[in-house]
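**Student:** let me see the structure of the following:
(chains A, B and C, ligands or ions: 4)
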Amino acid sequence: MTDNAYVARVENLEVKFVSRESTTKAVNGVSFTLKEGEVLSIIGESGSGKSVSMRALMRLLPSKAKIGGEVEVNGKDVLKMSGRELTRMRGKEVSMIFQEPMTALDPVYTVGDQIAETVMRHEGVSKEEGLKRALELLEFVRVPSAERRLKAYPFELSGGLRQRAMIAMALSCRPSLLLADEPTTALDATVQIQVLILLRKLQKEMGMGVIFVTHDLGVAAQIADKVAVMYAGRIVEMGPVRDLLRNPLHPYTQGMLASTVHGQDRNTDIEAIPGSPPDMRNEIRGCAFAPRCKHATELCRTTEPPETSPGEGRAVRCHLVSGMTGAEQDAPAYA
Amino acid sequence: MSNATTSVPSGLDAGGLDQLSPDVRSYWQMVGFRLRHDPVTLFFGAVILFVILAAIFAPLIAPKDPTLTSMIDRLKPIGYKDYLLGTDELGRDMTSRLIWGARSSLLMGLMPVVFALLIGGALGVIAGYVGGKTNMVIMRIMDVFYAFPSILLAVAISGAMGGGMLNGLISLTIVFIPPMCRIAETATTQVRGLDFVEAARATGGGTGSIIVTHILGNVLAPVFVYASGMVSVSILLASGLSFLGLGVAPPTPDWGLMLSTLRQAIYMNPIVCALPGVAILITSLSFNMVSDGLRQAMDVKL
Amino acid sequence: MVTKEKSADTKARAPSVEVVPPGDPRDRGGPAQPMFMVRDLKKHFPVRGGALNRTVAKVLAVDGVSFEVVKGETLGIVGESGCGKSTLARLLMHLIDITDGELIFDGEEVGVRNGIAMRDFRKAAQMVFQDSYSSLNPRLPVEDSIAYGPRVHGMSKKEAKNLARELLGKVGLRPEVFGPRYPHELSGGQKQRVNIARALAMSPRLVILDEAVSALDKSVEAQVLNLLRHLKRHFNLTYVFISHDLNVVQYISDRVLVMYLGEVVEIGPVDEIYAKPKHPYTRALLKSRLSMDPDERMDEAPITGDPPNPINPPSGCRFHTRCQFAETLCKTVAPKLPEGARPSDHVTACHMYNQTAGHSLFGKVPPAFETPVAEPASSARVAAKA
Ligand SMILES: Nc1ncnc2c1ncn2[C@@H]1O[C@H](COP(=O)(O)OP(=O)(O)O)[C@@H](O)[C@H]1O
Ligand code: SF4
Ligand code: SF4
Ligand SMILES: [Mg+2]
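**Tutor:** Ligands and ions are numbered 1, 2, ... in the order given. Down below sits the predicted model:
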């Protein structure tokens, strides 16, 4: 598309929500890049800024949100786009799927009409052509008896089918970037895996870039090429999915892995991270994780840790890691 | 379990004290805080206060007798002699009449809403909480009234009962009961289905106790906000009734009535004739703005 | 690596269901009397429609469920959304009327004239709801929410408040700091601790936890699970733990009950169910768990399709539309759980396990997992490789 090979490039993104009573610093200096055909998974607890970071890519934020930094999609500066350019970009170059498809689908139109409408709007084709494409798309996302489902209203579909319909709509204009905000979280286990496998297949077929927000490490393991872990509006650790899940370096990532329930012995406590995430309305000094971190030192509480790269494609923000010598990189001395 | 300690370890501290603002604020303190930091609402609140004070202290601050007529000084413009806001078609002092008029206008604006709030609110909470047949009966009756436009209904009831302030008050109250009931019913139905009410039932709480402890507090805010918005409607409707001769009877000063009698003189002295209308507008607008501000201030982050 | 490999052999644990818990002065029926006996419980919700608002269909939310809750155990209930878990919880709590069936709490029937008094039942059984925006009254300080139950049962204002504060301490929240706060000031995990304290304020015997940790973040979920385990010992509680998260249920439960479309399809001790699941649905559920190892990605979903609508459930075995072993028999005859099973038995409602049913796979059912040991998640392997 351009000489820039990145589908998305975010540099030092900051998002603040300003209201009369308080200022919430939802995102504080987030940077990442996404290549064509790559799947980035953003992991973090609720309120860590995952959704906000992702929405900033489409500038889908309320007007009280103040966005700073650089956001590029397909080499174009999103923050400088006019309203017209934004509408053209949304749905065509970038589209989004949500946790609850009911909120994204209009309850008073049939699924077919909605998909056809999107196609017509972006490609200027006739209604007939639009409906034909809608049928193809439903078949593409493996909706059984697609012809019949075309005429169904969203509430007539089960959760899994609704999610597929939303995916069909999002993919209708072959976007180069798909943003997915916990699209499988509300689904049942047996359906979640179906949708994840489908998304992975479609992503491969279409070669699009995907940013997949989730709080579930298992979901990230299923779908991601690389993973960014967010805490309190910052990316605290980023790296290829294998390295990051097998050898997490940041104490928060390690804590997340340890506290995820997966067959621990029932006679012992799960290693939980104590406390709760900080309130983003307050000023945070030093490392945001320090109040909950068992390795925290005085330095952590006063100085924000810089980003260091302990290995190929990896980045960590932790004084412990940045203080280590190269030889100890993959086996943290404190474990 | 091998971990045979029977005491709950304090090491489980959920911490997160950094999360909490340092001082404890009750709900109403928070509402107060928000209102204090809302200049628009404060301004319109001050306007309402001003009108209320004027109404209360009318005998003290009104420069002249509002019923004193003068055949010479009829329909004089603003600032004529010592008539600060001119005179009406019978030569009465507009300033004094406007100040005195605030009394009946405010009364007609507030009382029907207060009564309707009590009656309609109670019916709505009962209908919403008890549900089933009770709900159906109450709400179907309300729907009957709801089918008519409020002004028509008010005119019809007042017409049937005859004019006068008290009858106007009653008819307006009847007009406001159905919407108030509807709001309270909707809010109650919503709250009733929430988990915390279910939890209260699970601890064995009775209907009355649950309504008082868990329902009213959550229903009050939306009903209250709605009611404060209704005040402006009530002022306008009351003015309308007076205008049609179904409300306050002359020579009592009343904004609606004044507007009605002055309308023949609109071409002679338009500014003075418009004054009662301006008073109605400003007062009802203020109530509306305050209602808006209240809604924002009373909003809980659930 | 922080993910410590905990004692690898979780099976070495004694089957706790056989252990009769120490007597409790509040026991009515003696220690061996089940805490709860549920017999053929049904709840059908009418679906109204048409001009006259007539009942046009029924949702078979809970349809003939029988099981026992043993004193001192944690019974996990799993199943997909809409399979009737929450309805079952509300039925057990007697928050909604039952359509049919019997509920026997500690030897006395619930909701009948000469059964247990409602007042006593309300104290003895409590429920913790999912943390949602509505689990706590937004206009009450949390200590008042906790104190409400005891107040209703006649405790003085002061006593109830002291109790509320004591319980806040027990759930790990500093009483003087958190007591006067409003729910919106608290994080999800803190609110859930308050919800637990509210249930404990009645000093219950049985606590029903309906998706109590499902809305929490993982690190907080772990804290609350630990807390629940400790409280259970401390207060000598019995839990019914409802969740859709199979890993959490495995960790917390002694026995597990699997529901599908309003029916119990399998019930038994946790380790047996997780290692050797019988019912094809249980197998699919267990196989749908996501591994945390990127090298163990699934390319084929264990089963396809969504759970059918409970308004018109499939005939015969309700799972036959998605079952890979379904035979003609399954479409017409509904399989039943074997009668007279003890709580420690592992039983399933599937023709493949019933000699007299005539399913061709009887006695020849392939094992669910190739390796005999059901390794719950592959983290162990992840750790080993790291
Ligand atoms: N519209 C909004 N107005 C004010 N604050 C918001 C808004 N949307 C999100 N936030 C705040 O931004 C922070 C990050 O939110 P979000 O990105 O949704 O987190 P996540 O997706 O990781 O759960 C939170 O503190 C949240 O309260
Ligand atoms: S910088 Fe310090 S406090 Fe922050 S994660 Fe690293 S060790 Fe912990
Ligand atoms: S009874 Fe038949 S359809 Fe049902 S689970 Fe067993 S084999 Fe499958
Ligand atoms: Mg989110």
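**Student:** how about stretch C:276-295, does it reach ligand 3?
**Tutor:** Yes. Residues of stretch C:276-295 contacting ligand 3 under Cβ under 6 Å from any ligand atom: C:279, C:280. (C-beta placed from N, C-alpha, C; glycine too.)
**Student:** using CSV, write out every CA atom in that stretch.
**Tutor:** This file holds the C-alpha atoms of stretch C:276-295, laid out as CSV (Å, rounded to 0.1, in the frame of the first residue of the first chain):
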residue,chain,number,x,y,z
LYS,C,276,-12.0,-40.1,32.6
PRO,C,277,-15.0,-38.1,31.5
LYS,C,278,-17.8,-40.4,30.3
HIS,C,279,-20.5,-38.3,28.7
PRO,C,280,-19.6,-37.0,25.2
TYR,C,281,-20.6,-33.5,26.3
THR,C,282,-18.3,-33.5,29.3
ARG,C,283,-15.5,-34.8,27.0
ALA,C,284,-16.1,-31.9,24.6
LEU,C,285,-16.2,-29.4,27.4
LEU,C,286,-12.9,-30.6,28.8
LYS,C,287,-11.3,-30.7,25.4
SER,C,288,-12.4,-27.1,24.7
ARG,C,289,-10.2,-25.7,27.5
LEU,C,290,-7.5,-23.6,26.0
SER,C,291,-3.9,-24.5,26.5
MET,C,292,-1.5,-21.8,27.5
ASP,C,293,1.1,-23.3,25.2
PRO,C,294,1.2,-21.7,21.8
ASP,C,295,2.5,-25.0,20.4
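**Student:** roughly how far out does stretch C:338-346 sit from the chain middle?
**Tutor:** Offset of stretch C:338-346 from its chain centre (Cα atoms, centre = their mean, to the nearest Å): 18 Å.
**Student:** ugh, wrong one, I meant stretch B:183-197
**Tutor:** In terms of Cα atoms, centre = their mean, the centre of stretch B:183-197 is set 22 Å apart from its chain centre.
**Student:** would you mark the buried spots in that stretch?
**Tutor:** For stretch B:183-197, a neighbour-count test (16 or more other Cβ atoms under 10 Å in any protein chain shown) marks B:183-189, B:191-192, B:194-197 as buried.
**Student:** farthest pair in those?
**Tutor:** Within the buried residues of stretch B:183-197, B:183 and B:195 form the most distant pair, 22.7 Å apart (Cβ to Cβ).
**Student:** let me have the buried residues of stretch B:183-197 in TSV, adding distance to chain A, pLDDT and secondary structure as columns.
**Tutor:** TSV is the format used below for the buried residues of stretch B:183-197 (distance: Cβ to the nearest Cβ, whole Å; pLDDT from 0 to 100; DSSP: H, G, I helix; E, B strand; the rest coil):
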residue	distance to chain A	pLDDT	secondary structure
B:183	24	91	helix
B:184	27	93	helix
B:185	24	93	helix
B:186	20	91	helix
B:187	23	91	helix
B:188	25	92	helix
B:189	21	90	helix
B:191	23	89	helix
B:192	23	88	helix
B:194	19	87	coil
B:195	18	87	helix
B:196	21	90	helix
B:197	24	90	helix
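**Student:** start and end of stretch A:234-253, how far apart?
**Tutor:** Taking Cα to Cα, to the nearest Å, stretch A:234-253 runs 13 Å from one end to the other.
**Student:** burial check on residue 215, number of neighbours?
**Tutor:** With no chain named, the answer covers chain A. Using other Cβ atoms under 10 Å in any protein chain shown, residue A:215 is surrounded by 19 other residues.
**Student:** that's the wrong chain, I wanted chain B
**Tutor:** Other residues within reach of residue B:215 by the criterion other Cβ under 10 Å amount to 23.
**Student:** my guess is it contacts residue B:189. True?
**Tutor:** No. With contact defined as Cβ atoms under 8 Å, residue B:215 does not reach residue B:189; the gap is 10.3 Å.
**Student:** which residues of chain C lie near ligand 3?
**Tutor:** Residues of chain C lying near ligand 3 (Cβ under 6 Å from any ligand atom): C:279-280, C:317, C:319-320, C:323, C:325-326, C:330, C:335, C:350-352.
**Student:** can you pull out the strands in the stretch 51-200 of chain C?
**Tutor:** Ranges of strands within the stretch 51-200 of chain C are C:54-69, C:74-78, C:100-105, C:108-109, C:125-128, based on DSSP state E, counting those that start in this stretch.
**Student:** quick one: mean pLDDT over the last one.
**Tutor:** Yep, that's strand C:125-128 we're talking about. What strand C:125-128 shows for mean pLDDT is 93.
**Student:** surely residue B:259 and residue B:280 touch.
**Tutor:** Yes. Residue B:259 lies in contact with residue B:280 (Cβ under 8 Å); the separation is 7.3 Å.
**Student:** okay, and the common contacts of the two?
**Tutor:** Common contacts of residue B:259 and residue B:280 (Cβ atoms under 8 Å, 6 or more residues apart in numbering or on different chains): residue B:239.
**Student:** can you give the contact residues for the helix or strand where residue B:141 lies?
**Tutor:** According to DSSP states H and E, residue B:141 maps onto helix B:132-146. With Cβ under 8 Å, 6+ apart as the test, helix B:132-146 has contacts from B:123-124, B:126-128, B:153, B:174-175, B:177-179, B:181-182, B:185.
**Student:** if you look at these, which of them are in helices?
**Tutor:** Applying DSSP state H to the contacts of helix B:132-146, the entries found in helices are B:123-124, B:126-128, B:153, B:174-175, B:177-179, B:181-182, B:185.
**Student:** just the buried residues from these, in ChimeraX please.
**Tutor:** Filtering the ones in helices among the contacts of helix B:132-146 down to the buried ones (16+ other Cβ under 10 Å) takes a single ChimeraX command:
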select /B:123,124,126,127,128,153,174,175,177,178,179,181,182,185
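**Student:** tabulate the ones in helices among the contacts of helix B:132-146 in a markdown table, adding columns for distance to residue A:74.
**Tutor:** Output for these, formatted as a markdown table (distance: Cβ to Cβ, whole Å):
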| residue | distance to residue A:74 |
| --- | --- |
| B:123 | 60 |
| B:124 | 55 |
| B:126 | 60 |
| B:127 | 56 |
| B:128 | 53 |
| B:153 | 60 |
| B:174 | 64 |
| B:175 | 59 |
| B:177 | 60 |
| B:178 | 56 |
| B:179 | 52 |
| B:181 | 56 |
| B:182 | 51 |
| B:185 | 52 |
